[in-house]
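# pasting the structure only:
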């Protein structure tokens with residue numbers, strides 16, 4: 001007999017956020033809690049994010065000499081924004097470091113940074129398109145439900161049978177005589 005052991009569930013952001021302090025500590029340094037900037041729930045498509053704004057303000061005041069980020073696309077989803085933020089940071093004398101793929105100032109790494117930025121931008125566009133399509137589908141389904149052209153379930157309630165080819169079509173709903181008799185008896189009791 002096998003016994004199932006449930007692993008404790010982690011928050012999706014927990015592992016990446018743990019990697020950053022671990023990376024810095026591996027270099028013999030420590031990270032103060034007030035020096036960790038998060039944009040929980042905000043997307044990298046915009047430069048107007050609370051955590052990013054704090055980081056930019058404190059870097060402008062030269063409060064630290066290095067910024068450690070997991071990857072360039074975590075900084076911003078648009079390549080133009082990535083370059084702007086990296087140049088802004090350099091202008092304040094603040095070095096930057098990416099944990100997943102450290103970059104040097106040579107031509108190969110700059111091309112890699114551009115490609116990653118383009119891919120991040122493309123992914124952001126795909127996510128936006130999927131969201132729009134999903135929203136359009138949800139609104140269409142709701143319209144059909146309200147018009148009575150679509151059943152609100154894909155499995156038949158007890159006492160009914162649905163056509164397996166068209167489970168949500170109201171015209172294909174049939175009464176199951178045996179189950180309907182049981183339902184009638186239960187209501188009679």
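Received the coordinates, thanks. Predicted, not measured: the structure shown is a model, and the values here were computed from it.
# what sits up against the strand or helix carrying residue 184?
Counting by DSSP states H and E, the element that carries residue 184 is helix 177-188. The contact list for helix 177-188 (CB atoms under 8 Å, 6 or more residues apart in numbering) reads 158, 159, 160. The way it works is simple: take the backbone N, C-alpha and C, and place the C-beta from them, glycine included.
# and these, which are buried?
residue 160 (16 or more other CB atoms under 10 Å).
# just the strands in this structure please.
66-69, 95-98, 160-161, 174-175 (DSSP state E).
# so where is the protein shaky, pLDDT-wise?
1-17, 41-45 (pLDDT under 70).
# ranges for the helices of it?
For the chain, the helices defined by DSSP state H occupy 14-26, 50-60, 72-75, 79-91, 107-146, 177-188.
# quick check: buried residues in the shortest one?
Applying a neighbour-count criterion of 16+ other CB under 10 Å, the buried positions in helix 72-75 are 72, 73, 74, 75.
# what sits against the first one?
Going back to what we said before, that points to residue 72. 82, 86, 98, 103, 113, 116, 117, 120.
# coming back round to it: turn the buried residues of helix 72-75 into JSON lines, including distance to residue 142.
Shown next, in JSON lines, are the buried residues of helix 72-75 (distance: CB to CB, whole Å):
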{"residue": "72", "distance to residue 142": "39"}
{"residue": "73", "distance to residue 142": "34"}
{"residue": "74", "distance to residue 142": "35"}
{"residue": "75", "distance to residue 142": "38"}
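# and which of the residues you listed is nearest to residue 30?
residue 74 (21.4 Å; CB to CB).
# distance check, that closest one against residue 130.
20 Å (CB to CB, to the nearest Å).
# walk me through the domains of the protein.
Per automatic domain parsing, the structural domains of the chain span 14-138, 151-188.
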